[in-house]
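Peer 1: here are the coordinates; sequence isn't available:
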């Protein structure tokens, strides 16, 4: 009997599937799942199965990776593992490579029919194994006699293996098998159809239509109802895909035009925008909220984030007006009363009249123009997976560069204490105050807390004060 050395990862996978198949065939009671899981655990413990990230890398390669054809014109183009397997084949005196290839094809066909009849994938996998072994034997046979008959048998084995992979939804493998089959028998209409079908399932509709056109050129449209039906479906799906892409491009264009307009309005009002920088360690974070332009009067409403460093908590206000005082929002979040408004306020320190509020200047990167803001928005979409124009790692690295804080020693950090009567506009337009991500970010401490004392002590560079303009000052109390 001929023997071949198959790459270790293929052997492991084949043996695991055989073991699982034996369990499924031999057990017909409620213990089936336990027996199956035990067998899988044994195989995994012995080193079988996929290594970390190996399965996804394999699937990505099937769909998008370089071609590694089973049938190649020279050794340089072939898979090294297959070259090794071919070299290891040995035969008894009463058999030949051709005999073994025919036998493998028959065994593969038998398992394929059984799989189709009883709807069990394990027989498709068994058929796949026989067709693969048959390909090795026929390649050996063709070294001795590269006749038209042997080439046709090789093509049939490849096309049949493509049919197995189609049933197992290994569409990348279908494309490779059938492409190799067509190198041997260019008029193999089944191979053309399977390539077209695999491309369709991979949502590669243009490639599917190319394969359909080539297939119809071989035999014409008469009698090729499957190809014609697939062409109609591929045409319809391609039209939908193109419309989705066109709509997506228009939506992105509208969004980027809105970003440019927002940047111009903010810059015209005296505000400085920059990329968002996460407030690490806080239990709540805001989303990607940006300032909003009010259509009625052209004014801008700003998102605001209160951070409470003492407890690493936060509150987010979606829209604040430039002409409103900070005091109004402080009273809204922490009203005067006899009970704390937040469960984390263990000592009931957070009351409007007992709080000091600060923002930091000189450490956040700023956009130099609107196009930089658009570029930042694009990178965020790439990192979130909403678009795919760049590898995620590249996009993440570029985004990290844009969002990097200024390299400041804690002793050199500059903070500004805000009088509660200041308007939001006073804060937003303060020199060197960069609104990261378009969000007004404020740090809040109870006046008499240890956390506040430690904060003030750590501000070696000193703390500036922002006072309200006279028009914003509350009127004096009569008789005072």
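Peer 2: Received it, and whenever you're ready, just let me know what you need. Predicted model, so just to flag it, every value in this text is computed and none were measured.
Peer 1: Flag every buried residue along stretch 440-457.
Peer 2: Within stretch 440-457, the residues that qualify as buried are 440, 441, 442, 443, 444, 445, 446, 449, 452, 455, counting by 16 or more other C-beta atoms under 10 Å. (Each C-beta comes from the backbone N, C-alpha and C, glycine too.)
Peer 1: repeat for stretch 225-241
Peer 2: In stretch 225-241, counting by 16+ other C-beta under 10 Å, buried: 227, 230, 231, 234, 238.
Peer 1: can you redo the residues you listed as a markdown table with distance to residue 138 and pLDDT?
Peer 2: What follows is these, written out as a markdown table (distance: C-beta to C-beta, whole Å; pLDDT from 0 to 100):
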| residue | distance to residue 138 | pLDDT |
| --- | --- | --- |
| 227 | 27 | 93 |
| 230 | 29 | 96 |
| 231 | 33 | 96 |
| 234 | 33 | 96 |
| 238 | 37 | 96 |
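Peer 1: Which ones among these lie within helices?
Peer 2: 227, 230, 231, 234, 238 (DSSP state H).
Peer 1: need these in CSV with distance to residue 350, can you?
Peer 2: Below are those laid out as CSV (distance: C-beta to C-beta, whole Å):
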residue, distance to residue 350
227, 71
230, 66
231, 68
234, 62
238, 59
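Peer 1: So which of the buried residues of stretch 440-457 are in strands?
Peer 2: Judged by DSSP state E, the buried residues of stretch 440-457 include 440, 441, 442, 443, 444, 445, 446 as members of strands.
Peer 1: Does the last one touch residue 348 like I think?
Peer 2: It stands for residue 446. No: taking contacts as C-beta atoms under 8 Å, residue 446 lies outside contact range of residue 348: 9.5 Å.
Peer 1: about what we covered before: which of the buried residues of stretch 440-457 sit farthest apart?
Peer 2: Largest separation among the buried residues of stretch 440-457 by C-beta to C-beta: 440 and 449, giving 23.0 Å.
Peer 1: pull the helix or strand with minimum mean pLDDT from this protein.
Peer 2: Ranking every helix and strand in the chain by mean pLDDT, DSSP states H and E puts helix 8-26 at the bottom, with a mean of 43.
Peer 1: Please name the residues that touch residue 403.
Peer 2: Taking C-beta atoms under 8 Å, 6 or more residues apart in numbering, we find residue 403 in contact with 275, 276, 277, 365, 376.
Peer 1: From these, which one has the minimum pLDDT?
Peer 2: Lowest in pLDDT among these is residue 277, which has 70.
Peer 1: helix, strand or coil for that one?
Peer 2: coil (DSSP: H, G, I helix; E, B strand; the rest coil).
Peer 1: Please name the residues that touch it.
Peer 2: Residue 277 touches 364, 365, 403, 405, 436, 437, counting by C-beta under 8 Å, 6+ apart.
Peer 1: Next, the contact list for the residue nearest to it when sequence neighbours are not counted, please.
Peer 2: Among residues not flanking residue 277 along the chain, residue 436 sits closest, at 4.8 Å (C-beta to C-beta, 6 or more residues apart in numbering). Residue 436 sits next to 274, 275, 276, 277, 364 when contact means C-beta under 8 Å, 6+ apart.
Peer 1: Checking the last one next. Helix, strand or coil?
Peer 2: Same thing as residue 364. Reduced to three states by three-state DSSP, residue 364 is coil.
Peer 1: residues near the residue lying closest to it once chain neighbours are set aside, how many?
Peer 2: Nearest non-adjacent residue to residue 364, counting by C-beta to C-beta, 6+ apart: residue 434, 3.8 Å away. By other C-beta atoms under 10 Å, the residues close to residue 434 number 22.
Peer 1: Any idea what residue 434 is bridged to?
Peer 2: residue 272 (DSSP bridges).
Peer 1: That one and residue 374, how far apart?
Peer 2: 17 Å (C-beta to C-beta, to the nearest Å).
Peer 1: what do you get for residue 450?
Peer 2: Going from residue 450 to residue 374 by C-beta to C-beta gives 44 Å.
Peer 1: One more: residue 223?
Peer 2: Taking C-beta to C-beta, one finds residue 223 at 54 Å from residue 374.
Peer 1: Please identify which of the two sits among more neighbours.
Peer 2: Between residue 223 and residue 374, counting by other C-beta under 10 Å, residue 374 is the more crowded of the two (19 against 10).
Peer 1: wait, what's in contact with that one?
Peer 2: Counted by C-beta under 8 Å, 6+ apart, residue 374 has contacts 256, 259, 260.
Peer 1: Would you state the secondary structure element containing it?
Peer 2: Using DSSP states H and E, residue 374 sits in helix 370-384.
Peer 1: just to revisit the earlier point, ok, so of the contacts of residue 374, who is nearest residue 463?
Peer 2: residue 259 (34.0 Å).
Peer 1: so the closest one makes contact with residue 371?
Peer 2: No: applying C-beta under 8 Å, one finds residue 259 not in contact with residue 371, separated by 9.4 Å.
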